[in-house]
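1. everything below, folded, please.
(2 chains)
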Amino acid sequence: DTAVSQTPKYLVTQMGNDKSIKCEQNLGHDTMYWYKQDSKKFLKIMFSYNNKELIINETVPNRFSPKSPDKAHLNLHINSLELGDSAVYFCASSHSMDRVHEQYFGPGTRLTVT
Amino acid sequence: GENVEQHPSTLSVQEGDSAVIKCTYSDSASNYFPWYKQELGKRPQLIIDIRSNVGEKKDQRIAVTLNKTAKHFSLHITETQPEDSAVYFCAASLPREYGGATNKLIFGTGTLLAVQP
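-> Alright, predicted model coming up:
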C-alpha cells in the first residue's frame, strides 16, 4: 500500500565509494524528484524527471547521476562519495507537470559517509 | 531565482495556544505556496496549500493567509496539541512561463514547533 518507497533506509559507507538509492512510486504519477535534506533540516531540490525526461537539474556535482528507467522509478547514483554528501535524501512524486500539484515524499534514505 | 525566508526558526507554545509561522518570498510571479509538516524522523507531508488567486484558506485548525502585495504568507494553527509538534516548512513555486519549472518548490528553512502539554 506504500505510495513512495525508497531503498535502502540507511546507508553507511566510506569516502570514495559509489552507492545507489532506489525510489519507486505506485501512484501513477508522471513526475518524480530527488531532494537533499542536510543536518540543519534544509530541504533542497536536486533533480526532477517527468515521464523519464530530466526537467530540473540544480547545481549538483556531476558525481550525482539520476536515472529513470520508467516513470514509476527514479534512482540516484552517487560516485566518489564525500563527507559532505552525508544527509537524508528524499524521493518524491507528483501527478504531472501541467500545473503545480502536491508532492508525495518517500520515507527518506539517511546516508552517512565516514 | 526565487528565495523564501521563514521565521521563527523555533517556536514553543503551550497546548491550546495558537501558533503563527511566517514566510516571505522574493519573486512576485510565484503562484503556489504549500506548507509541509515533518515529524521527527519522518517524511515531509503536505498539510495545506494556497494559490495566488486566493487570500486565505482554512482546514479545521490550520489556516494559511497570503498577502501578494507584501509577498508574504503565514501558517496559523489554533488550539495547538502536542501532536502538532514538528518542523514546518513553507515553500513557493514559480509558474513555468516566468522561468520556473512547474512543480519546482523552493523551501523555507523550517520552523521547529514545540507544543508543551
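2. tell me where the model's unsure across the chain.
-> Reading this off chain A. Counting by pLDDT under 70, the low-confidence segments of chain A come to A:1.
3. should've been chain B
-> B:96-102.
4. can you name the residues of it sitting close to chain A?
-> B:31-32, B:34, B:38, B:42-46, B:49, B:51, B:87, B:89, B:93, B:95-96, B:101-107, B:109-110 (Cβ under 8 Å from any Cβ of the partner chain). Every residue, glycine included, has its C-beta placed from N, CA and C.
5. give the contact list for the residue nearest to A:P107 when sequence neighbours are not counted.
-> Using Cβ to Cβ, 6 or more residues apart in numbering or on different chains and skipping residues adjacent in sequence, the residue nearest A:P107 is B:R43, 5.4 Å away. Residues near B:R43 by Cβ atoms under 8 Å, 6 or more residues apart in numbering or on different chains: A:F90, A:F105, A:G106, A:P107, A:G108.
6. just say helix, strand or coil for B:R43.
-> The three-state assignment at B:R43 reads coil, by DSSP: H, G, I helix; E, B strand; the rest coil.
7. measure it to A:N62 for me?
-> Using Cβ to Cβ, to the nearest Å, we find B:R43 at a distance of 28 Å from A:N62.
8. now do A:Q103
-> A:Q103 is 25 Å from A:N62, by Cβ to Cβ.
9. ok, the two, which is more surrounded?
-> A:Q103 (27 against 7; other Cβ atoms under 10 Å in any protein chain shown).
10. for chain A, which residue is closest to the average position?
-> Nearest residue to the geometric centre of chain A (Cα atoms, centre = their mean): A:W34, 3.0 Å.
11. re earlier: which among the residues of chain B next to chain A end up buried?
-> By neighbour count, with 16 or more other Cβ atoms under 10 Å in any protein chain shown, the residues of chain B next to chain A hold B:31-32, B:34, B:38, B:43-44, B:49, B:87, B:89, B:93, B:95-96, B:101-107, B:109-110 as buried.
12. looking at the residues you listed, which are in strands?
-> Residues of these located in strands (DSSP state E): B:Y32, B:P34, B:Q38, B:D49, B:V87, B:F89, B:S93, B:L105, B:I106, B:F107.
13. surely the last one meets B:V87?
-> Put plainly, it is B:F107. No. Using Cβ atoms under 8 Å, B:F107 is not in contact with B:V87, being 10.9 Å away.
14. before we move on, the earlier item: in a markdown table: the contacts of B:R43, plus neighbour count, distance to B:E79 and secondary structure.
-> What follows is the contacts of B:R43, written out as a markdown table (neighbours: other Cβ atoms under 10 Å in any protein chain shown; distance: Cβ to Cβ, whole Å; DSSP: H, G, I helix; E, B strand; the rest coil):
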| residue | neighbour count | distance to B:E79 | secondary structure |
| --- | --- | --- | --- |
| A:F90 | 25 | 30 | strand |
| A:F105 | 23 | 27 | strand |
| A:G106 | 28 | 31 | coil |
| A:P107 | 17 | 29 | coil |
| A:G108 | 22 | 30 | coil |
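15. and which of the residues you listed is nearest B:D17?
-> A:F105 (28.6 Å; Cβ to Cβ).
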